[in-house]
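**Student:** got a sequence here, can you model it:
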Amino acid sequence: MNENITIKLIQDFLTEEYSDSFVDDQTSRRMWWCALEVIQKDFLLSHYQEGGVWAASPLPAINEKKYLNKFKGWLWAPKGFPDFKNEYAGYLPVKSEKYEDERAQYFNHYKILSINEEDGFEPFLMIISPTFQCVLSIAGAKDKKNLIMRSDEKSIQKVIELLNIKLMQEDQEEASKFVDSIRSLGKLQINESFVRNFWPALSIKLASLIPSFNLQSSFAADNHKSEQITEAKLLEAISHEVRTPLATIKTLISSTLKKYKMDESMRSRLIQIDNECTEQIDRFGLIFNAAELVSGQIPSAEILTSINLGEILNKLSPYWISQLDRRGISLKLDVPEGLPEVLSDSAKLELMLGGLIDKNTRGLKEGSTLILELRPAGQKLKLQLIVHKKGIQKENKEINLKQKGSDISPVLNWNPQTGSLQISQSATQKLLASLGGHVTNRRDTGLTVFFPISENR
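**Tutor:** Take a look at the predicted model:
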């Protein structure tokens with residue numbers, strides 16, 4: 001085939017003989033995010049252990065670390081994408097070469113190729129495993145979009161063929177790796193359950209975002225719970241909508257810093273903007289996780305694995321130090337070597353730890369100090385956050401989970417005096433509980449979180 005293969009051409013193939021049920025741009029984005037959630041949480045969770053292949057454009061779309069670690073991927077993305085930090089990656093950029101190497105190792109899970117104008121920028125994702133296959137995309141003119149999902153054998157084989165040709169036209173070595181990866185999966189088995197249940201599951205997911213009106217006043221308690229769940233799901237949608245443009249801004253900043261020469265003051269300002277975007281992405285990522293828990297989208301106790309908490313704290317502390325230093329607050333880390341592993345979820349715990357630091361240093365005066373101390377405590381590890389406020393020496397001041405301000409939902413706490421919007425006390429406790437942590441908040445010890453030690457010692 002001499003024709004130049006583009007992502008746009010593949011999307012055009014997918015739209016052939018497809019429904020003409022068009023939606024506007026905003027609705028299509030909402031459908032896209034919901035479809036990704038349905039695929040990853042309702043179906044892919046049972047089919048990723050054997051490994052597989054994915055291809056996407058212009059962003060990875062797959063955001064769960066466990067999937068990225070198992071699947072080989074090819075991503076067509078804008079220039080500068082390798083410096084775009086996905087909040088689910090579990091750590092953030094620092095200047096140390098050690099952490100740069102770790103970050104590079106994460107991105108080595110998939111090959112990043114340059115997208116061009118002919119490819120277009122409508123989202124595209126193909127996932128192939130021995131027992132699960134689908135192609136998901138959005139195509140169409142402005143405000144006349146169509147969410148496309150194909151999982152039939154003919155469509156899957158055709159998309160694989162077109163992607164292989166596209167890779168051959170751009171990078172023959174990657175094309176060879178792509179073909180070998182597909183062949184290594186063996187004979188593909190079409191997942192009939194997914195074929196039958198995807199659209200009903202997506203309809204339920206979308207319907208759950210619409211506020212419900214219950215006229216039966218005798219079920220007031222149930223209605224209150226329903227309202228809480230509706231609010232939480234609305235927060236999930238808002239969190240997605242907030243993080244998406246921030247991620248785009250970070251990508252553009254990274255590309256600008258690489259492509260253009262500029263004086264140091266301009267470079268410093270762009271880096272400052274990038275840092276602010278990262279902080280907000282992390283904050284809304286945490287709000288999303290809390291809302292997801294309240295709405296029942298994830299179980300209150302997830303499947304936990306053995307992790308090295310001390311290693312995580314050491315890995316993330318350079319970023320936290322830089323983050324707090326911009327506000328004139330110092331961070332001290334006290335983590336002995338040789339501590340046992342604990343049971344938790346590393347990716348979500350890393351985001352949660354950053355949220356705890358942000359939550360408990362908001363409003364502190366310049367010159368204050370935050371201490372993170374990790375110690376064994378029987379069959380648990382004790383993580384303690386202690387604040388030394390400016391002007392008070394040799395006295396550990398209590399960090400109180402209950403913030404000033406008021407809870408405006410099961411998830412959020414709002415302080416009108418400072419303009420601070422944080423996750424609420426109850427949401428913080430629920431999130432930590434889902435990650436294996438038990439919170440205590442005694443007057444003389446500050447905020448302490450206990451994590452169970454893994455039996456695999």
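**Student:** the helix or strand hosting Ala56 pairs with which strands, parallel or anti?
**Tutor:** Taking DSSP states H and E as the criterion, Ala56 maps to strand 52-57. Partner strands and pairing direction for strand 52-57 (DSSP bridges) are strand 71-77 (parallel), strand 124-129 (antiparallel).
**Student:** would you mind checking the average pLDDT for that strand?
**Tutor:** Strand 52-57 shows an average pLDDT of 94 in the prediction.
**Student:** elements contacting the following helix or strand past it?
**Tutor:** Later in the chain than strand 52-57, the nearest helix or strand by DSSP H and E is helix 65-70. If contacts are counted by 3 or more C-beta pairs under 8 Å, 6 or more residues apart in numbering; DSSP states H and E, helix 65-70 sits against no helix or strand. Placement of C-beta: from N, CA and C, glycine included.
**Student:** CA-only coordinates of helix 65-70 in PDB, if you can.
**Tutor:** The C-alpha atoms that make up helix 65-70 are tabulated as PDB, following Å, rounded to 0.1, in the frame of the first residue of the first chain:
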ATOM      1  CA  LYS A  65       0.200   1.700  36.100                       C
ATOM      2  CA  LYS A  66      -0.500  -2.000  36.300                       C
ATOM      3  CA  TYR A  67      -1.700  -2.100  32.700                       C
ATOM      4  CA  LEU A  68       1.200   0.000  31.400                       C
ATOM      5  CA  ASN A  69       3.600  -2.400  33.100                       C
ATOM      6  CA  LYS A  70       2.100  -5.400  31.400                       C
END
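**Student:** now Gln323. Nearest residue, chain neighbours left out?
**Tutor:** Nearest non-adjacent residue to Gln323, counting by C-beta to C-beta, 6 or more residues apart in numbering: Glu279, 6.8 Å away.
**Student:** show me what counts as buried in the helix or strand hosting that neighbour.
**Tutor:** Assigned by DSSP H and E, Glu279 belongs to helix 264-294. Residues of helix 264-294 classed as buried by neighbour count (16 or more other C-beta atoms under 10 Å): 270, 274-275, 277-279, 281-294.
**Student:** ok, residues contacting the strand holding Ala56?
**Tutor:** 7, 62, 67, 70-77, 110, 115, 119, 121, 123-130, 132, 163, 178, 181-182, 185 (C-beta atoms under 8 Å, 6 or more residues apart in numbering).
**Student:** among the residues you listed, name the buried ones.
**Tutor:** By 16+ other C-beta under 10 Å, those give 7, 62, 67, 70-77, 110, 115, 119, 123-130, 132, 163, 178, 181-182, 185 as buried.
**Student:** got the residue ranges for the strands in the stretch 1-150 of the chain?
**Tutor:** Shown for the stretch 1-150 of the chain, the strands assigned by DSSP state E, counting those that start in this stretch span residues 52-57, 71-77, 110-114, 124-129, 132-141, 144-150.
**Student:** okay, helices next: where are they in the stretch 151-300 of the chain?
**Tutor:** With DSSP state H, counting those that start in this stretch, the ranges of helices along the stretch 151-300 of the chain come out as 153-170, 172-184, 192-207, 220-259, 264-294.
**Student:** how far is the shortest one from where the chain is centred?
**Tutor:** By that I understand helix 172-184. Offset of helix 172-184 from its chain centre (C-alpha atoms, centre = their mean, to the nearest Å): 28 Å.
**Student:** now swap in the first one and tell me
**Tutor:** Relative to the centre of its chain, helix 153-170 is centred 29 Å away, using C-alpha atoms, centre = their mean.
**Student:** now the angle between strand 124-129 and it, please.
**Tutor:** If you take axes from the mean of the first three to the mean of the last three C-alpha atoms, to 10 degrees, helix 153-170 sits at 110 degrees to strand 124-129.
**Student:** just the mean pLDDT for helix 153-170, thanks.
**Tutor:** So the average pLDDT for helix 153-170 ends up being 95.
**Student:** on that earlier part again, relative to Lys348, which of the strands paired with strand 52-57 is closest?
**Tutor:** strand 71-77 (19.7 Å; C-beta to C-beta).
**Student:** can you dump the C-alpha atoms of that closest one in PDB for me?
**Tutor:** Written as PDB, here are the backbone C-alpha positions of strand 71-77 (Å, rounded to 0.1, in the frame of the first residue of the first chain):
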ATOM      1  CA  PHE A  71       1.400  -4.100  27.900                       C
ATOM      2  CA  LYS A  72       3.700  -3.000  25.200                       C
ATOM      3  CA  GLY A  73       2.600   0.300  23.700                       C
ATOM      4  CA  TRP A  74       3.100   2.700  20.800                       C
ATOM      5  CA  LEU A  75       2.000   6.300  21.200                       C
ATOM      6  CA  TRP A  76       1.700   9.000  18.600                       C
ATOM      7  CA  ALA A  77       2.000  12.300  20.600                       C
END
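**Student:** residues touching Asn164, list them.
**Tutor:** Applying C-beta under 8 Å, 6+ apart to Asn164 gives the contacts 175, 178-179.
**Student:** how about Pro123?
**Tutor:** Here Pro123 is in contact with 32, 56-59, 61, 136-138 (criterion: C-beta under 8 Å, 6+ apart).
**Student:** what does Gly51 give?
**Tutor:** Contacts for Gly51 (C-beta under 8 Å, 6+ apart) come out as 70-72, 129, 185.
**Student:** again, 7 Å this time
**Tutor:** 70-71, 129 (C-beta atoms under 7 Å, 6 or more residues apart in numbering).
**Student:** tabulate those (CSV), appending pLDDT and distance to Asp358.
**Tutor:** Listed next are the contacts of Gly51 as CSV, based on pLDDT from 0 to 100; distance: C-beta to C-beta, whole Å:
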residue, pLDDT, distance to Asp358
Lys70, 87, 31
Phe71, 92, 32
Ser129, 94, 37
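**Student:** between these, which is nearest Gln384?
**Tutor:** Distances from Gln384 to those, taken by C-beta to C-beta, are shortest for Lys70, at 35.4 Å.
**Student:** next, count neighbours for Thr256.
**Tutor:** By other C-beta atoms under 10 Å, 15 other residues sit near Thr256.
**Student:** excluding sequence neighbours, find me the nearest residue to it.
**Tutor:** Residue nearest to Thr256 in three dimensions, not counting chain neighbours: Leu270, with 6.5 Å by C-beta to C-beta, 6+ apart.
**Student:** surely that neighbour touches Leu257?
**Tutor:** Yes - with contact defined as C-beta atoms under 7 Å, Leu270 and Leu257 form a contacting pair (6.1 Å).
**Student:** buried sites along stretch 241-258?
**Tutor:** 242-243, 246-247, 249-255, 257.
**Student:** one more: stretch 313-329?
**Tutor:** Those would be 313, 315-321, 323-324, 329, for stretch 313-329 by 16+ other C-beta under 10 Å.
**Student:** in helices, which of those fall?
**Tutor:** 313, 315-321, 323-324 (DSSP state H).
**Student:** can you give me the end-to-end span of stretch 183-194?
**Tutor:** Its first and final residues considered, stretch 183-194 spans 22 Å by C-alpha to C-alpha, to the nearest Å.
**Student:** next: stretch 185-197.
**Tutor:** End residues of stretch 185-197 are separated by 24 Å (C-alpha to C-alpha).
**Student:** what residues does it touch?
**Tutor:** Taking C-beta under 7 Å, 6+ apart as the rule, stretch 185-197 contacts 43, 52, 128-134, 151, 153.
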